[in-house]
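1. Got a predicted structure here, sequence first:
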Amino acid sequence: MDRRGDAAALETGSALSSVITGLPPDQHGRPGRVIALLNQKGGAGKTTLATHLAGEFAMDGQRVTLLDADPQGSALDWAQRRLQSGQSRLYGVFGLARDSLHQEAPEIALQADFVIIDGPPRVAALARSALLAADLVLIPVQPSAYDVWASHEMVQLVAEARVFRPALRAAFVINRRVVGTVIGREARAALADQPFAPLSAEVCQRIVFADSVAAGRLAREVAHHGAAAREIAALAQAVREALQ
Ligand SMILES: Nc1ncnc2c1ncn2[C@@H]1O[C@H](COP(=O)(O)OP(=O)(O)OP(=O)(O)O)[C@@H](O)[C@H]1O
Ligand SMILES: [Mg+2]
């Protein structure tokens, strides 16, 4: 199956955005904010945090579109599992693993409050394109010095993008911190050397994240008052503040 579906067949961003949102273009409204979850390193938590952040904003009543820019299509798989298990649609998920993301995402944002881009590992051209579209780039990292260093290429890409877009905001998101521990001295030292800071909100290693995503659900749908749900709510709040 072509994961990119009909969306990829369209030629112009505005046509694409109308199809994606199902709404007529509103050229007068303030465009939504574009948030890209990027890290060239695989398995850092891009898809987990993208699906959850999108869910948090959607459940808050915002119009959200998630763009799956990863040819692996993990966010699309999540949406499909959700559909197949008869759960309600929270937000639209569309495959857009193309270097034209920077043209299409701003058009889609005309009819959304938030456009969340789930980035691919390794593919620098797609990451570059996402960086040109984003208001805020979030770089998930596990709290080890090694993982911080492994995001070096992403940090370089952000620096490159800022030559064209000085207002581009960027932050690390600590993901998979072991419950009950503080992040180690080495990881903190490695983060302190970076050109931008981690968000104050951190996400812990919790089985509910892996289990819920595998079932096409979100942690707060599985355990509404659980620690994972609180962490995502705090992350969404930190993101709103970072965008102000
Ligand atoms: N906070 C967490 N707690 C528990 N498991 C997590 C957490 N974050 C991510 N995972 C698990 O780690 C694995 C990788 O996460 P995810 O798919 O979100 O990473 P990714 O950066 O999107 O990977 P890729 O680069 O392959 O797209 C998945 O199995 C996911 O369930
Ligand atoms: Mg992924």
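-> Okay, I see it. Ligands and ions are numbered 1, 2, ... in the order given.
2. Contact residues of this protein facing ligand 1?
-> Selection of the chain residues close to ligand 1 by Cβ under 6 Å from any ligand atom yields 42-48, 70, 74, 121, 175-176, 203, 205-206, 209-210, 213. The C-beta positions use only the backbone N, C-alpha and C, and glycine is treated the same way.
3. Write the PyMOL selection for whichever of these are buried.
-> Those of these that count as buried under 16 or more other Cβ atoms under 10 Å are selected in PyMOL with:
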select buried, resi 44+45+46+47+48+70+74+121+175+176+203+206+209+213
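4. Tell me which of the residues of the chain next to ligand 1 fall in strands.
-> 175, 176, 203 (DSSP state E).
5. which one of those residues is nearest residue 146?
-> Comparing those against residue 146 with Cβ to Cβ places residue 176 closest, at 13.0 Å.
6. what's the neighbour count on residue 222?
-> 15 (other Cβ atoms under 10 Å).
7. For it, which non-adjacent residue is spatially closest?
-> Once flanking residues are discounted, residue 222 sits nearest to residue 212: 4.8 Å by Cβ to Cβ, 6 or more residues apart in numbering.
8. could you pull out the helices for the protein?
-> Applying DSSP state H to the chain gives helices spanning 5-9, 13-21, 46-59, 74-84, 101-108, 124-133, 145-150, 152-164, 185-192, 207-214, 219-222, 227-243.
9. Dump those helices to TSV, plus mean pLDDT.
-> Putting the helices of the chain into TSV (pLDDT from 0 to 100) gives the following:
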stretch	mean pLDDT
helix 5-9	35
helix 13-21	48
helix 46-59	98
helix 74-84	96
helix 101-108	95
helix 124-133	95
helix 145-150	96
helix 152-164	95
helix 185-192	93
helix 207-214	95
helix 219-222	96
helix 227-243	98
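10. Quick one: closest of these to residue 91.
-> Between residue 91 and the helices of the chain, the shortest gap by Cβ to Cβ is with helix 46-59, which sits at 4.4 Å.
11. Check what contacts the closest one and list those residues.
-> With contacts defined as Cβ atoms under 8 Å, 6 or more residues apart in numbering, helix 46-59 is touched by 35, 37-39, 64, 66, 70, 74-75, 78, 90-91, 113-114, 116-119, 121, 138, 140, 173, 175, 203, 209-210, 213, 218-220, 232-233, 235-236, 239.
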